[in-house]
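[1] Predicted model follows, preceded by the sequence.
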Amino acid sequence: MRLRPAALLAPLVLLTVLSSPPLAAAELTIPPIPYHQRTLPNGLQVISVEDHASPNVAVQMWYHVGSKDDPQGRSGFAHLFEHLMFKSTKHMHAEQFDRLTEDVGGANNASTGDDVTNYFEVVPSNHLQTLLWAEAERLSNLNVDEANFKSERAVVEEEYRQSVLANPYGKLFNAIDPKSYAVHPYKRPTIGSIEDLEAATLPDVIAFHKTFYRPDNATLIVAGDFDPEQLDAWVDQYFGWIPKPATPIPQVTAQEPKRKKNLRYTVTSETAPLPAVAITWLLPPASDTADSIPLQVAAALLSQGDSSRLYQSLVYRHQVAQQAGADADGRVGPGLFTAYAILASGHQPAEAEKLLHEEIIWLATQPIPAAELDKVKTQLLTGELKQRQTAQGLAFALGQAALIDGNPEHVNTDLAALQKVTEQDVHRVLQKYVTGAHSVTIDYLPQAAKGEVK
Amino acid sequence: MSRRMHACRLAVFTATIIASSIAAAADFPATPPAPGPAPQLSVPTPSAQTLANGLQVVSVRRAGLPLVTAQLVLRSGGEMDPPPLAGLADLTASLLTKGAAGKTAPQIAAAAEALGGSLDAAAGWDESAVGITVTTPKLSQALGLLAEVVRQPDFSAAELKRAQAQAIDDLRLMLSRPTALASLAASRGVFGDGAYGHSRGGTPASIARIGRADVQRLHAALYRPDNAILILAGDITPAQAQQLAQASFGDWPKPATPLPARPAGKAASQLPAVLLIDQRGAGQAGVVAAHAAPSRGDDGYYVGTVANAVLGGSYSARLNEEIRIKRGLSYGANSRLQPLRDAGLWLASAQTKNPSAASVVELMLGEFKRLGSTRVSADELAARKATLIGGYGRSLETTSGLAEQVGELAVYGVPLDEIGRYIAQVQAVTPKQIEKYADKHLDAGASTVVVVGDAAQFAADIRKAHPQAALLESTALDLDSPTLQPAGSRK
């Protein structure tokens, strides 16, 4: 592809810009997270890290189940189930988790992703024992009734309406996975659909809990202000007795085929004020760190901050886009490299798409100034350091490393690997997975609301 | 004889396994274990000095990780926008980083990001701030950059034009969200044509009217050391803070002219008590109910804070309990109390499917009434206080959270050691005080209700209870007008 003259000027501008800031004098040192790991006889993984910076403790249960495990015809089920875990158990009434967290000065939430579902709490550290009991209780004794099931399903439907229907770009981001995967269950959106949610029944809930919510499909992470010997005793006491089922855990065996051609789709919106475009490419699993870490660097070079290449090109110089971004979404299975733009007034998706491709091709083939590479590494490392200021942040870093990247040690080794990423690494991964691969493009177009008079 | 011994041993072993398993399950407690003794939260103490030019320097130390948040905060914000130029203060703040001291916007962005952070600038009400979070070794360079953008912005015509186009597009995006539009309209309902009533981010029309001279004039009037606070939070000592502040800001001259007068924040409302705004095709309705509230200096600040915590400050507060937990009508309903220098706002909001908007309106109004007519129980009050206190403690765990807490105190002239009294003050609030506060400030007769969404699905239902509800089209609003309608229009 022959590059437009404007694009040829880009590196000169970048070189001028990047010659101004000083080079990082030395590599930034981030203290390693000194975690402890063990496995109970029933298969429960336990990861803990002491941090007495503040008198709080974070407790997170990561279940190795996500929207990829939704039953057939029940998209959104793993997420719906996550909401139901806050309803009643044998020994807790509905919403009692909030009594044990919010009402004592803590906080709780949960999230469902493609691969994992996590329940995360932070409480004053004197409530750790209580929370360990509560997490063990809902793992072993969930007991949702019909009334709570229907009420919470209605809440999830409102979450769908809020994040997909009422959010001007909700339908675009919700369409990315369905359009990007051909056969892998990642194809199903995590939030599901109103129709599939309405099709869910209480027996489905019971079956899902029995199949996926078991100690050998879970990782408990504790970070913060606690005594390690006391923690171990409590974990053994509250979790040790929970039996490991004899049946195997269902695994996703679908293999996403390599794309054979570029594809294009159009999605419309009644509420988006401006058009948008998104382009995706398939990536290897996140555990393939030889490639996934350089891919993270490539995405950051493209879109982390106002000095990033996509911002400078699409938003600043050409003023074609209001927002532009790139993301290397590593997953347990095949991931996605996504580049997107939300247009500025008076512009069309084709203009932004052309510029997105130009910047990616340029990054994949031309020299990357050392100062720019250093800038991105400093940004990523500083971001990690910010996350580790809190117990909850430490626990999330460990969960991501253990469950998505495949080993908790990534929480430390990946930072060292990040500092070693070279221009050649970035070129290699972009050429392999992006510029040398087939794409899916989604044009997102505003459409007049029904009944509107013009 | 030997055959009998073998059978006996196996049986015992099996029984042991079964017994052990049963015992373990039976030992699992039916009630949660009680908490241990409460840990003590240590709140860092801010240190403050004033430079010769009037710049207040506040540092608050949180050692541990080598991070520092630096913020330059002005004691002025969007309320200083001249009437035809809504959004001027926010646009001016955003332009600080778009060229300064001979550096271009891309050069400034690259310089900040090479330090690992980003320079973020915006104007709120009563304050404007520009800040960055970096690792300690990079702090000196970060402050040098901060000083350049604050003191020597270029405000080039090209950057102004670019910022205006981007601001207008951002506004179009924001206004397409039902709750955002409803909140903007409700603020008009509470503050009328007062300074706090206009759109702080501006409107497409007002942003387009802003000229370079307007930006330069506002910057000259407000960006001065005697109207500014430099906050440094994190891995830094007071002596280091003083030294760094002097190096980057010590020679920033204090002007001879006085600070400009502040306009009145609040004026009479010109909106109906219930306003429906038709946003055709909206996937959900945004429901907002708002009231005037006391200003930041009011004696009842902590009573209001706790009252809001009970009403809608968290997941377990009343609004979410009634709207989400009991009825499944929303993914979240909440309220916020916003005390400002000259007036305040108390606003509840929720998004719901269009057909249930009318129910949500009544539920909100019902909770307002209940808070002002019935005492909060001791249990509920203790729980909501605990939520507030826990959240406060966690906000002090990060350098940016620390900077924000200290900055708010400094902007409103509250003694900085108040940071250590928050918990005791919250604990001291009584049910009687809350009832009295809510009765006074959540009066149903003074509510402003705004519902934005697909009005065909909710207007008739809402008018059953509120026949006087007015209906406007989202595409025909004039957000610069206190009536929200274009000049010359009558309904």
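    Received it, and whenever you're ready, just let me know what you need.

[2] how about the residues of the stretch 351-491 of chain B that lie near chain A?
    B:351-353, B:382-383, B:386-387, B:389-391, B:393-394, B:396-400 (C-beta under 8 Å from any C-beta of the partner chain). Quick note: C-beta positions are derived from backbone N, CA and C, even for glycine.

[3] Filter the residues you listed down to the buried ones, ChimeraX style.
    Buried residues within these, by 16 or more other C-beta atoms under 10 Å in any protein chain shown, are selected in ChimeraX with:
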select /B:351,352,353,383,386,387,389,390,391,393,394,396,397,398,399,400
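
[4] Can you give me the first-to-last residue distance of stretch B:322-339?
    25 Å (C-alpha to C-alpha, to the nearest Å).

[5] before we move on, what about stretch B:165-183?
    OK, stretch B:165-183 end separation, C-alpha to C-alpha: 23 Å.

[6] which of the residues in it are buried?
    Buried positions in stretch B:165-183, judged by neighbour count with 16+ other C-beta under 10 Å: B:165-173, B:175-183.

[7] and that stretch, how far from the chain's centre?
    With C-alpha atoms, centre = their mean, to the nearest Å as the basis, stretch B:165-183 stands 17 Å off its chain's centre.

[8] That stretch vs chain A: in contact?
    Yes - applying C-beta under 8 Å from any C-beta, one finds stretch B:165-183 touching chain A at B:165, B:166, B:168, B:169, B:170, B:172, B:173, B:175, B:176, B:177, B:178.

[9] and of those residues, the nearest to residue A:63?
    Checking the residues of stretch B:165-183 next to chain A against residue A:63 with C-beta to C-beta, the nearest one is residue B:177 at 32.6 Å.

[10] Give me the pLDDT for that closest one.
    With respect to pLDDT, residue B:177 has a value of 92.

[11] just for chain A, where's the confidence low?
    For chain A, the stretches flagged by pLDDT under 70 are A:1-27, A:449-454.

[12] Setting aside sequence neighbours, what's the nearest residue to the residue in it that chain B sits nearest to?
    Proximity of chain A to chain B (C-beta to the nearest C-beta) peaks at residue A:165, 2.4 Å away. Among residues not flanking residue A:165 along the chain, residue B:283 sits closest, at 2.4 Å (C-beta to C-beta, 6 or more residues apart in numbering or on different chains).

[13] For residue A:287, see how far away that neighbour is.
    Between residue B:283 and residue A:287 the distance is 37 Å, computed by C-beta to C-beta, to the nearest Å.

[14] out of the two, which sits in the busier spot?
    Neighbour count, other C-beta atoms under 10 Å in any protein chain shown: between residue B:283 and residue A:287, residue B:283 has more, with 25 against 14.

[15] check contacts around residue B:73.
    Residues counted as contacts of residue B:73 (C-beta atoms under 8 Å, 6 or more residues apart in numbering or on different chains) are B:127, B:128, B:129, B:228, B:229, B:230, B:231, B:407, B:410, B:411.

[16] Mind checking which of these are in helices?
    Counting by DSSP state H, the contacts of residue B:73 place B:407, B:410, B:411 in helices.

[17] mind putting those residues in JSON lines, neighbour count included?
    Formatted as JSON lines, the ones in helices among the contacts of residue B:73 follow (neighbours: other C-beta atoms under 10 Å in any protein chain shown):
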{"residue": "B:407", "neighbour count": "20"}
{"residue": "B:410", "neighbour count": "22"}
{"residue": "B:411", "neighbour count": "23"}
